[in-house]
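Participant: just coords:
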C-alpha cells in the first residue's frame, strides 16, 4: 500500500506563502496527485491536481519533483479563510487492487 | 443546485440496527464513492462504483453494502450497527475514476449508541 505523510499541523500569518509537503514514496506510474481542502463540518473540496513538474490554478500551485515521490502544495498570501485541513491524495496499486489513499491531513491555522 | 447531496445529515441509532444513507449526484458523473471519516479526521475510502460496477472495495466489514440503483445514486446500507461505526460518512462523485477531481457531499454524521 502506498502511504502518504504530511505534517500534522502548520501555523502561518496572514499574507504569507504557505507550503505543505506530502511524501508518497510508492506512487504508481499512472497515478495523479490531488490536494483537497476541508473546512469543519463540510466535505473536502478539490484544490489542485498534477502529474509532474508544476501546476498552477487560481488558488494554488503544485510542485512535483522528477521522482514524484513527494509533492508540495503552495498557497500564496494566505488569509484567515484558508484555515482548514489539507489532504494529499494519490492512487495506489497494491495487493492486486486499486486503492485510494488520503494523507492524514495537515491542519493549517492562519493567524491574523 | 446541490451537486452531491446526502440524506440524512444526522443519524442517531442503537447498536444492532440496520440503517441506510442515501446519496445523489446531479453532475452526470460516472463514478461515485463512499468515504468514512473517523473522530481523528482520517479520511478513508470505502467503496467506489463506476457505471453500476464496484471497482474499488476496501477491506470494510461486509455489514456495509453499497447499492446503486442508477448512475446518479449510490446508497450505503449498514447492517447490525456497532459503536465503532460512529463517524461521518461522505459521498463523492467524479467524472472518471481517480484521475479527476471528486465532488463531495456535505456528509452524514452517524452516531451509534
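Facilitator: Cool, got the structure. Bear in mind the structure is a predicted one, so any value in this text is a computation, not a measurement.

Participant: can we go C-alpha only for contacts and neighbour counts from here?
Facilitator: Fine.

Participant: so who does residue A:107 touch?
Facilitator: The contact partners of residue A:107, by C-alpha atoms under 8 Å, 6 or more residues apart in numbering or on different chains, come to A:8-10, A:83-86.

Participant: leaving out sequence neighbours, find the closest residue to residue A:86.
Facilitator: Using C-alpha to C-alpha, 6 or more residues apart in numbering or on different chains and skipping the chain neighbours, the partner closest in space to residue A:86 is residue A:37 (4.6 Å).

Participant: tell me the helix or strand right after whichever strand or helix holds that neighbour.
Facilitator: Assigned by DSSP states H and E, residue A:37 belongs to strand A:33-38. Proceeding N to C from strand A:33-38, the next assigned helix or strand is strand A:45-50, under DSSP H and E.

Participant: quick one: average pLDDT of that following strand?
Facilitator: Confidence over strand A:45-50 (mean pLDDT, whole number) is 92.

Participant: that one near chain B at all?
Facilitator: Yes. Residues of strand A:45-50 are located near chain B by C-alpha under 8 Å from any C-alpha of the partner chain, namely A:45-46, A:49.

Participant: one step back: just want the angle from the strand holding residue A:37 to strand A:45-50.
Facilitator: 160 degrees (axes from the mean of the first three to the mean of the last three C-alpha atoms, to 10 degrees).

Participant: residues contacting strand A:33-38, please?
Facilitator: Contacts for strand A:33-38 (C-alpha under 8 Å, 6+ apart): A:44-51, A:71, A:73, A:84-91, B:101.

Participant: for that strand, which strands pair with it and how are they oriented?
Facilitator: Using DSSP bridges, strand A:33-38 pairs in its sheet with strand A:45-50 (antiparallel), strand A:84-94 (antiparallel).

Participant: can you tell me how far the residue nearest to residue A:86 sits from residue B:104?
Facilitator: For residue A:37, the distance to residue B:104 (C-alpha to C-alpha, to the nearest Å) stands at 11 Å.

Participant: immediately after the least confident helix or strand in chain B by mean pLDDT, which helix or strand?
Facilitator: Sorted by mean pLDDT, DSSP states H and E, the helices and strands of chain B end with strand B:53-57, the least confident at a mean of 73. Remark: after strand B:53-57, the chain's next helix or strand is strand B:64-70, criterion DSSP H and E.
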